[in-house]
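> sequence unknown, structure follows:
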């Protein structure tokens with residue numbers, strides 16, 4: 001077992017406007033805009049869309065009714081939550097004014113202070129505990145030497161950033177991504193944050209893996225939710241970016257037309273792992289990227305700036321992994337390397353490790369495995385070509401061989417002829433034709 005998984009707890013649902021932490025004006029704006037786009041909703045439906053108890057939005061509905069900006073058009077005899085509310089023309093005019101300010105419609109944001117408190121509790125209740133056995137279980141799907149595993153363990157346990165470097169094709173990316181297997185428990189991620197009256201969208205269905213709470217009773221929670229539905233229960237985040245990373249991705253993204261922000265990459269990865277793949281090949285220089293993260297990596301707090309110029313603190317509970325096939329000392333100077341305290345070399349596989357990777361992939365593709373065939377492949381093809389063994393080669397050569405067998409109408413069986421032909425198209429031929437005059 002990796003570790004005993006801590007009991008996951010969603011934040012409790014707010015019962016009043018004050019408990020949301022965002023104030024009545026923001027609640028009023030979201031109620032009005034939601035009705036504007038929906039036209040007509042029951043009280044429970046409206047509360048569910050905003051992720052709160054009906055009692056939280058009831059004062060806003062009463063104010064809209066008083067100003068003749070919404071009206072009750074039906075409903076059961078169960079009270080205000082069952083009434084159906086319809087926006088009026090005056091209400092649409094008010095919604096249009098709110099939409100000029102920002103076009104955010106969705107769950108009521110979580111106050112920044114509440115988010116900071118939650119991340120503090122998460123770090124306290126779910127400490128990163130790493131042992132030799134847990135590391136070996138987390139990386140059991142990979143073929144790695146004990147030497148590499150015993151370097152990864154302390155680096156991960158430190159909770160600090162680390163370099164994983166080495167030749168291409170030795171699994172630096174998958175090693176980096178497997179680190180998430182050591183982060184036990186789930187995490188709650190807010191749909192959005194409220195900061196100084198501004199809204200920052202955080203939950204991203206592309207980067208976050210939402211989980212259904214197994215204890216949830218949908219009908220009961222819709223009517224009287226115990227947990228705060230402004231948050232989403234997710235797996236620990238794993239976000240991987242490569243050469244497309246630019247410095248603006250590490251700051252708040254603001255869309256003037258929409259009037260609200262998107263959270264930067266490191267905020268999306270809070271509580272999880274951020275992998276900077278192909279480090280050194282980004283549009284921004286390695287020095288600029290590391291300069292941006294010097295303070296967060298050491299203080300565990302990031303400083304972000306709104307369009308108004310106001311700065312605020314964002315939790316930085318992220319394990320940052322830099323993966324590169326370049327020499328780290330060629331990327332940054334010694335002072336910067338010192339800040340990335342752990343450097344792990346993704347070694348090339350030995351012959352036995354190469355054979356084990358080959359065997360594992362044969363099993364994954366439901367193929368017969370023959371160690372003698374692997375030895376012959378190494379001797380007659382790889383060594384003859386002066387090719388160094390890489391962890392990706394067994395998978396790639398097997399896939400080439402299967403594609404060739406299918407093309408030739410041959411049985412789905414690995415042979416030396418198929419593998420030799422695969423090598424001819426997989427590796428570069430150093431011989432070149434020379435045109436003669």
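That came in fine, so what should we check first? Given the structure is predicted, the values throughout are model-derived calculations rather than measurements.

> Please enumerate the strands of the stretch 151-300 of the chain.
Using DSSP state E, counting those that start in this stretch, the strands assigned to the stretch 151-300 of the chain run over residues 162-165, 187-190, 192-195, 198-201, 231-234, 238-241, 253-255, 260-262, 273-276.

> quick one: strands adjacent to the second one?
Going back to what we said before, that points to strand 187-190. According to DSSP bridges, strand 187-190 forms sheet pairs with strand 231-234 (antiparallel).

> which other residues reach the partner strand?
By C-beta atoms under 8 Å, 6 or more residues apart in numbering, the residues outside strand 231-234 that reach it are 8, 10-11, 110, 186-191, 203, 208-213. The way it works is simple: take the backbone N, C-alpha and C, and place the C-beta from them, glycine included.

> And for residue 235, the neighbour number?
Residues near residue 235, counting by other C-beta atoms under 10 Å, number 17.

> For the closest residue in space to it that isn't next to it in sequence, give me the pLDDT.
Counting by C-beta to C-beta, 6 or more residues apart in numbering, the nearest residue to residue 235 once its immediate chain neighbours are dropped is residue 209, at 4.3 Å. As predicted, residue 209 sits at a pLDDT of 95.

> same thing with residue 7?
Residue 7 is assigned 61 on the pLDDT scale.

> With residue 215 instead?
As predicted, residue 215 sits at a pLDDT of 46.

> circling back: would you convert the strands of the stretch 151-300 of the chain into a markdown table that also reports distance to residue 330?
A markdown table is the format used below for the strands of the stretch 151-300 of the chain (distance: least, C-beta to C-beta, whole Å):
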| stretch | distance to residue 330 |
| --- | --- |
| strand 162-165 | 10 |
| strand 187-190 | 36 |
| strand 192-195 | 39 |
| strand 198-201 | 37 |
| strand 231-234 | 37 |
| strand 238-241 | 21 |
| strand 253-255 | 31 |
| strand 260-262 | 34 |
| strand 273-276 | 16 |
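
> Quick one: residues contacting residue 198.
Applying C-beta under 8 Å, 6+ apart, we find residue 198 in contact with 260-261, 306-308.

> now residue 428
With contact taken as C-beta under 8 Å, 6+ apart, residue 428 is in contact with no other residue.

> Would you list the phi and psi of it?
phi -70, psi 140 (degrees, to the nearest 10).

> give the contact list for residue 349.
Counting by C-beta under 8 Å, 6+ apart, the residues that residue 349 touches are 143, 170, 357, 389-391.

> no wait, residue 71
65, 85-86, 88.

> The residue nearest to residue 346 when sequence neighbours are not counted: neighbour count?
Leaving aside its chain neighbours, residue 346 sits nearest to residue 166 (3.5 Å; criterion: C-beta to C-beta, 6+ apart). Residues within reach of residue 166, counting by other C-beta under 10 Å, total 23.

> so which of the contacts of residue 198 is the most crowded?
The member of the contacts of residue 198 that has the most neighbours, counting by other C-beta under 10 Å, is residue 261 with 24 neighbours.

> just wondering, since we're on that one, how far is it from residue 255?
In this structure, residue 261 and residue 255 are 8 Å apart, going by C-beta to C-beta, to the nearest Å.

> Kindly report the same for residue 87.
25 Å.

> how deep is residue 168 tucked in, by neighbour count?
Using other C-beta under 10 Å, residue 168 has 13 other residues around it.

> What are the neighbouring residues in contact with it?
Taking C-beta under 8 Å, 6+ apart, one finds 325, 390 in contact with residue 168.

> Residue 49: which element?
For residue 49, the element it lies in under DSSP states H and E is helix 43-50.

> Actually, residue 320.
Take DSSP H and E as the rule and residue 320 turns out to sit in strand 319-324.

> now for that strand, which elements pack on it?
strand 162-165, helix 172-178, strand 273-276 (3 or more C-beta pairs under 8 Å, 6 or more residues apart in numbering; DSSP states H and E).

> in the longest one, what's buried?
Residues 172-173, 175-178 are the ones in helix 172-178 that count as buried (16 or more other C-beta atoms under 10 Å).

> any weak-confidence spans in the stretch 201-350 of the chain?
213-224 (pLDDT under 70).

> Which residue ranges of it form helices?
218-223, 265-268, 286-299, 328-331, 334-339 (DSSP state H, counting those that start in this stretch).

> residues making contact with the third one?
Think helix 286-299. If you take C-beta under 8 Å, 6+ apart as the criterion, helix 286-299 is touched by 160-161, 245, 247, 250, 266, 276, 279-280, 282, 301-303, 316, 320, 331-332, 336, 339-340.

> Equivalent analysis for the last one, please.
With contact meaning C-beta under 8 Å, 6+ apart, helix 334-339 is reached by 161, 286-287, 290, 294, 297-298, 328-329, 343.

> Show me what counts as buried in that helix.
Neighbour-count burial for helix 334-339 flags residue 336 (criterion: 16+ other C-beta under 10 Å).

> next one: the third one
Buried residues in helix 286-299, counting neighbours by 16+ other C-beta under 10 Å, are found at 286, 289-290, 292-293, 296-297.

> how far does it sit from the chain's center?
Distance of helix 286-299 from the chain centroid (C-alpha atoms, centre = their mean, to the nearest Å) equals 20 Å.

> thinking residue 259 is in contact with residue 33, fair?
No - look at residue 259 against residue 33 with C-beta atoms under 8 Å: they stay out of range, at 11.4 Å.

> Identify the contacts common to the two.
With C-beta under 8 Å, 6+ apart, residue 259 and residue 33 have common neighbours 103-104.

> Just give me the neighbour total for residue 93.
Residue 93: 11 surrounding residues under other C-beta under 10 Å.

> Just the element for it, please.
Per DSSP H and E, residue 93 falls inside helix 89-101.

> starting at the chain centroid, how far to the strand holding residue 320?
14 Å.

> now stretch 58-67
In terms of C-alpha atoms, centre = their mean, the centre of stretch 58-67 is found 39 Å from the chain centre.

> Enumerate the positions of that stretch that are buried.
Buried positions in stretch 58-67, judged by neighbour count with 16+ other C-beta under 10 Å: 58, 60-61, 64-65.
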